[in-house]
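K.L.:
Next come a sequence and a model predicted from it.
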Amino acid sequence: MSKLIQGQTGEWEVVIGLEAHAQIVSDAKLFSGAATSFGAEPNTQVSTVDAAFPGMLPVINRHCVEQAVKTGLGLKARINLVSVFDRKNYFYADLPAGYQISQYKSPIVGKGELMLSMADGEMRRIGITRLHLEQDAGKSLHDRHPALTYVDLNRAGVGLMEIVSEPDLRSAEEAGAYLRKLRSILRYLGTCDGNMEEGSLRCDCNVSVRRPGAELGTRTEIKNVNSVRFVMQAIDYEARRQVAILEDGGSVIQETRLFDPHRSETRPMRTKENDYDYRYFPDPDLLPLELDAAWVESVRRSLPELPDAKKARFVSELGLTPYDADVLVAEKSHADYFETVAKGRNARLAAHWVSVELVGALNEIGAGIDTSPISPAALGQLLDLIEDRTISGRIAKDVFAVMLETGQGAVALVEERGLRQVTDNDAIASAIDAVFAAHADKVAEYRSGKDKLYGFFVGQVMKAMGGKANPGLLNELLKNKLTR
Amino acid sequence: MSDLARLTMFEARSGLRAKKFSARELAQAHLAAMAAARSLNAFITETPDRALAQADASDARLARGDGGMLEGLPLAIKDLFCTKDVLTTACSHILDGFRPPYESTVTAKLWQAGAVMLGKTNLDEFAMGSSNATSCRGPVENPWRRRGDNRPLVPGGSSGGSAAAVAARMALGAIGTDTGGSIRQPASFCGVVGVKPTYGRCSRWGVVAFASSLDQAGPMTRSVSDAALLLAAMAGHDPKDSTSAPLAVPDFNAAMTGDIHGLKIGVPTEYRVDGMPMAIEALWRDGIAWLKEAGATPVEISLPMTKYALPTYYIIAPAEASSNLARYDGVRFGLRVPGDSLDAMYEKTRAAGFGAEVKRRVLIGTYVLSAGYYDAYYVRAQKIRTLIARDFAQAFEQCDAILTPTTPSPAFAIGERQDDPVTMYLNDVFTVPANLAGLPAISLPAGLTEDGLPLGLQIIGRAFDEQTMFRVAGVLESAAAFVAEPGQPGGVERTMAARGT
Amino acid sequence: MALDKTIVAKIAMLARIEVPDRELEPLAGELTRILTWIEQLKEVDVTGVEPMTKVAQMKMPMRDDVVDDGGDRDAILRNAPQPAHGFFAVPKVVE
Ligand SMILES: [Mg+2]
Ligand SMILES: [Zn+2]
């Protein structure tokens, strides 16, 4: 599949780098003891440190540091044992101190990588430039008053990890896949909940276009896009906009843009000229952040199994196809559910039932796997009934539907509704005879060479037996009788 | 002036414990002295009700026999310390009306130790100045006058109100802050003792920040042992300040053994400036002689980077200040001047709220941090700062403490030297190096000029070795036997000749 | 280093301090005098010297992840020049 954009004058390549802002899962803020929970009344989770009152000082939250190190290790990145907090100076209503404490020259995490599974089964390596710790800003509400902006500082000072990718992405789809994979890794690690609607994961997109193989073009930065879909839409729009400008003989202006989700387009942000001089310098209220190598190793040893490793294990040990494994590991909760079901059972069968039947059914009723009415144990019982031929796969689907609705167990349901498979030769044979008697013309046709009618006989017999005939036996007997 | 206001903190403490007078009487005596000397403009907020309430509580504790280290002692607080629910302005209009919902760690420790708050003292706006002339609340007058000259003199700065309050016997002691000499220089100008402790010794939490890597709180008193006592109460590790040293507070008074036999006292060749009065040179020589007489060995040392300390300071301090003062934006506290956009509101508020010197420093700081200049100015200054610290480290391989003059001149008249900022900056030439290197330093009054103004000598110690600094200072204090007192207020000339000038 | 009006206007904008046009010139003069005095630092050879990153020789302390602050909206808003419905209000910002 070509990722190139077809313009009026030829093909263009899109070059994308993403800066994700991931809110750290922690109880307290990065430099203060105020709470971080989402959705509180305005300004109720604000300390005098967050509101930058005179004389207030930051003290770093150890857990946030550990979360950043964990994430860095999860991205196979280099952990810098010494990093430095800088002040990024600019004035804005939701930035109380007039500076953001961030890491500029010496981030806590250096180069790493993230692997993308492409549609053709290939793996693609996307470079991670760095990960640094910084404070979130507060929230400005522009639509509550005609002449005023209201400021809520609940979010001010919450710990963020800014995760910067290399400009290795080449299409909106790849950018989307990158962001989904990143979110998956963060959730596995438990370092960010990845909830884009609540703003826990936001993304700045750096986009430029060029002729294939040419030098990098001028880029624009689209700020704060808050869903995977919008990221893809924003990149698509922006790439086409830039191609149109260039093909018109114009040039792209390096600028910051905003994505308007209602119009699915980007527009330039209103900023003051010269305002990008952030005057970074090391925060004199803090000292360099020094980590102990042995401690970093202990964090590394405590890392959970991550999606790539889990996928490899599902393929090599459980015999899943790479595709099925990919689908299952994307969400840790799905993978965990699957593993419970698959334990001591046919893994491929379990994979199908979890990722297709269960997830499909849950989507329809708007439930998540954590709130599934069917427990892994209950689904396991159903699979056992299929495996020991108590019921057929067909019947199993019906049983599953009732389980989902009533929460009843599979064994009880099969008994109660008499859904056991019929494995009695005589019963099946007499059902076949009855169908032959009713459709003697069709039997004659089949015997004169019309093979296609075979399925018709299977269907008729199954129908007559309420679907309970053992499919293997039925086939065996039917073939015998037809060729007789 | 009541005799109760003329005591040292130690004397007052014994008197209270011996029930010779009550804490209430002691507080009242000081409140009366404050009222009598109001024309000095040393206090900008008086808190008499609070002083009396605290004094009564002290009397109750003293009656039970469980008074704290500073029980019942009335103190003056520089208005840079945030005091809960009490107006705190840093002498800047930008903090008009600000009442902090918290108490600084240092002042909280004072009240914990039983001290009584008389009020908040005047200072240079945001502690930026060396003469108290930049205060939005008007200048402070030094209680001292030149003999035969009635022109009011500056108290020094930025802790000018605190220095004047202690010198004029309005408070038994005061606390100040020292970023480049803001405790020691006014102490020297006002004839009192002032200490800048090691960086990290006192918590900066709740102290309005000027330059975070340089600011330290410290005591201002009328004797070295009072300073040791007050510092012991103020100091200590604070988990709320990431730069606060996790060290126990030594007994500084116990360190003042009076014995300096075998100590080596460094005398830096470079602590001289053009036009430094003879009296200062002479006093410095006297100081060396006194310490030698007491058994110490003077050693000549070299601090070759000394001349670069001041310009280095004038990059680092404004740079940090430009960022520290960005929070004064008219949104959460203090002054707001309306504007028709957010930026217009910021610009008008900050234009109206900050005085000329603060603006100057914020602009210099913004400039030296800005794109294209950061490496040439800020990074270079931080490298030179490393060299300055290295100078001291090398010097301390040869000596145990360093003796220098505190200032290159005595107090000058209000209005003098105000046309050129750089001339004003030169006041801090001998005090700034200790801030850049983070070292403890004390200034104590040791002599008088020919026209009767106090002069201070400075002792710089090793980092976290205030003990040796106090030990030497105690000996120097006895030798100097400085007994002169300012004539103001009240017009009675009480100045006496001090030994050795 | 001589600062001209344009540079002073730019840094005043960065620092969000309104400086009337007529004051730019004299201010440029004052700042230039200070910077010229600072220029003497160029004499110092700083090759191979690390910038000072901490004053006291200690390791940065860290806090436990415990909520022990915040939760007092009144304390946060009490000093505000223009509080509104639990928020801080500022002139409307158009993004
Ligand atoms: Mg960024
Ligand atoms: Zn960021």
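P.N.:
Nice, thanks for sending it over. Ligands and ions are numbered 1, 2, ... in the order given.
K.L.:
Now do the strands for chain C: every range, in order, please.
P.N.:
All strands of chain C, identified by DSSP state E, fall at C:62-63, C:83-84, C:87-91.
K.L.:
So is the first one next to chain A?
P.N.:
To tie it back to what came earlier, the one meant is strand C:62-63. Yes. With C-beta under 8 Å from any C-beta of the partner chain as the criterion, chain A is reached by strand C:62-63 at C:M62, C:R63. In short, each C-beta sits where N, CA and C put it, glycine included.
K.L.:
Given that strand, what are its sheet partners and their directions?
P.N.:
Next to strand C:62-63 in the sheet, as set by DSSP bridges, lie strand A:60-61 (parallel).
K.L.:
The second one now?
P.N.:
Sheet neighbours of strand C:83-84, with direction, are listed as strand C:87-91 (antiparallel) (DSSP bridges).
K.L.:
Check the offset of the strand it pairs with from the chain's centre.
P.N.:
Centroid separation for strand C:87-91 versus its chain: 22 Å, with C-alpha atoms, centre = their mean, to the nearest Å.
K.L.:
then that strand to PDB, C-alphas only?
P.N.:
Below are the C-alpha coordinates for strand C:87-91, written out as PDB (Å, rounded to 0.1, in the frame of the first residue of the first chain):
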ATOM      1  CA  PHE C  87     -12.600  30.600  39.200                       C
ATOM      2  CA  PHE C  88     -10.000  33.200  38.700                       C
ATOM      3  CA  ALA C  89     -11.300  35.600  36.000                       C
ATOM      4  CA  VAL C  90      -9.100  37.300  33.500                       C
ATOM      5  CA  PRO C  91      -9.800  39.400  30.400                       C
END
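K.L.:
still on that earlier bit, packed most tightly, which of the strands of chain C would that be?
P.N.:
strand C:87-91 (a mean of 24; mean count of other C-beta atoms under 10 Å in any protein chain shown).
K.L.:
quick one on the thing from earlier: can I get the strands of chain C in JSON lines with mean pLDDT?
P.N.:
Converted to JSON lines, the strands of chain C look like this (pLDDT from 0 to 100):
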{"stretch": "strand C:62-63", "mean pLDDT": "98"}
{"stretch": "strand C:83-84", "mean pLDDT": "97"}
{"stretch": "strand C:87-91", "mean pLDDT": "98"}
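K.L.:
Tabulate the ones you listed (TSV), appending distance to A:I126.
P.N.:
Rendered in TSV, the data for the strands of chain C read as follows (distance: least, C-beta to C-beta, whole Å):
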stretch	distance to A:I126
strand C:62-63	32
strand C:83-84	45
strand C:87-91	40
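K.L.:
what about the helix or strand of chain B with the lowest mean pLDDT, distance to the chain center?
P.N.:
Every helix and strand of chain B was ranked by mean pLDDT, DSSP states H and E. The lowest is helix B:421-425, at a mean of 81. The chain centroid and the centroid of helix B:421-425 are separated by 19 Å under C-alpha atoms, centre = their mean.
K.L.:
just the residues of the stretch 1-150 of chain A that are near chain B, which are they?
P.N.:
Within the stretch 1-150 of chain A, the positions lying close to chain B (C-beta under 8 Å from any C-beta) are A:48, A:51-60, A:87, A:89, A:91-93, A:96-99, A:149.
K.L.:
In chain C, which residue is most central in space?
P.N.:
In chain C, the C-alpha nearest the mean C-alpha coordinate belongs to C:A15, at 6.7 Å (C-alpha atoms, centre = their mean).
K.L.:
Would you agree that residue is in contact with B:V362?
P.N.:
Yes. Using C-beta atoms under 8 Å, C:A15 makes contact with B:V362 at a distance of 5.2 Å.
K.L.:
domain ranges for chain B?
P.N.:
B:2-265+B:401-480, B:307-385 (automatic domain parsing).
K.L.:
Turn those domains into CSV, including mean neighbour count.
P.N.:
Output for the domains of chain B, formatted as CSV (neighbours: other C-beta atoms under 10 Å in any protein chain shown):
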stretch, mean neighbour count
domain B:2-265+B:401-480, 24
domain B:307-385, 23
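K.L.:
nearest to A:R447, of those domains?
P.N.:
Taking C-beta to C-beta, domain B:307-385 is the member of the domains of chain B nearest to A:R447, at 89.0 Å.
K.L.:
Let me see the mean pLDDT of the closest one.
P.N.:
The pLDDT scores in domain B:307-385 average 97.
K.L.:
ends of it, how far apart?
P.N.:
End-to-end distance of domain B:307-385 (C-alpha to C-alpha, to the nearest Å): 12 Å.
K.L.:
Please compute how far it lies from its chain's middle.
P.N.:
In terms of C-alpha atoms, centre = their mean, the centre of domain B:307-385 is set 23 Å apart from its chain centre.
K.L.:
Same question for stretch B:134-147.
P.N.:
In this view, stretch B:134-147 has its centroid 15 Å away from the chain centroid, taken as C-alpha atoms, centre = their mean.
K.L.:
which is the next helix or strand following whichever strand or helix holds B:D343?
P.N.:
Take DSSP states H and E as the rule and B:D343 turns out to sit in helix B:342-353. Using DSSP H and E, the helix or strand that follows helix B:342-353 in sequence is helix B:356-369.
K.L.:
The helix or strand following that following helix and chain C, are they touching?
P.N.:
Using DSSP H and E, the helix or strand that follows helix B:356-369 towards the C-terminus is helix B:380-395. Yes. Helix B:380-395 reaches chain C (C-beta under 8 Å from any C-beta) through B:R380, B:A381, B:Q382, B:K383, B:I384, B:R385, B:T386, B:L387, B:A389.
K.L.:
Helix B:380-395 - contacts with which helices or strands?
P.N.:
Contact here means 3 or more C-beta pairs under 8 Å, 6 or more residues apart in numbering or on different chains; DSSP states H and E; on that basis helix B:380-395 packs against helix B:306-324, helix B:432-437.
K.L.:
Give me the angle between it and helix B:356-369.
P.N.:
Interaxial angle, helix B:380-395 versus helix B:356-369 (axes from the mean of the first three to the mean of the last three C-alpha atoms, to 10 degrees): 100 degrees.
K.L.:
strands paired with the helix or strand that comes right after helix B:380-395, and their directions?
P.N.:
Downstream of helix B:380-395, the first helix or strand assigned by DSSP H and E is strand B:401-405. Sheet pairing for strand B:401-405, assigned by DSSP bridges, gives strand B:264-268 (parallel), strand B:454-460 (antiparallel).
K.L.:
Which among these is found nearest to A:A20?
P.N.:
For those, the distance to A:A20 is smallest for strand B:454-460, at 50.0 Å, taking C-beta to C-beta.
K.L.:
now the closest one, how far from the centre of its chain.
P.N.:
From the chain centre to the centre of strand B:454-460 is a distance of 13 Å (C-alpha atoms, centre = their mean).
K.L.:
May I have the helix or strand following that strand as PDB, with CA atoms only?
P.N.:
On the C-terminal side of strand B:454-460, the closest following helix or strand by DSSP H and E is helix B:466-480. Output of helix B:466-480 as PDB, limited to C-alpha atoms (Å, rounded to 0.1, in the frame of the first residue of the first chain):
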ATOM      1  CA  GLU B 466      28.900  28.500  61.200                       C
ATOM      2  CA  GLN B 467      30.400  27.300  64.500                       C
ATOM      3  CA  THR B 468      33.900  28.400  63.600                       C
ATOM      4  CA  MET B 469      32.500  31.700  62.200                       C
ATOM      5  CA  PHE B 470      30.700  32.400  65.400                       C
ATOM      6  CA  ARG B 471      33.700  31.400  67.500                       C
ATOM      7  CA  VAL B 472      35.900  33.900  65.700                       C
ATOM      8  CA  ALA B 473      33.200  36.500  65.700                       C
ATOM      9  CA  GLY B 474      32.800  36.200  69.400                       C
ATOM     10  CA  VAL B 475      36.500  36.900  70.000                       C
ATOM     11  CA  LEU B 476      36.500  39.700  67.500                       C
ATOM     12  CA  GLU B 477      33.400  41.300  69.200                       C
ATOM     13  CA  SER B 478      35.100  41.200  72.600                       C
ATOM     14  CA  ALA B 479      38.300  42.700  71.200                       C
ATOM     15  CA  ALA B 480      36.500  45.500  69.300                       C
END
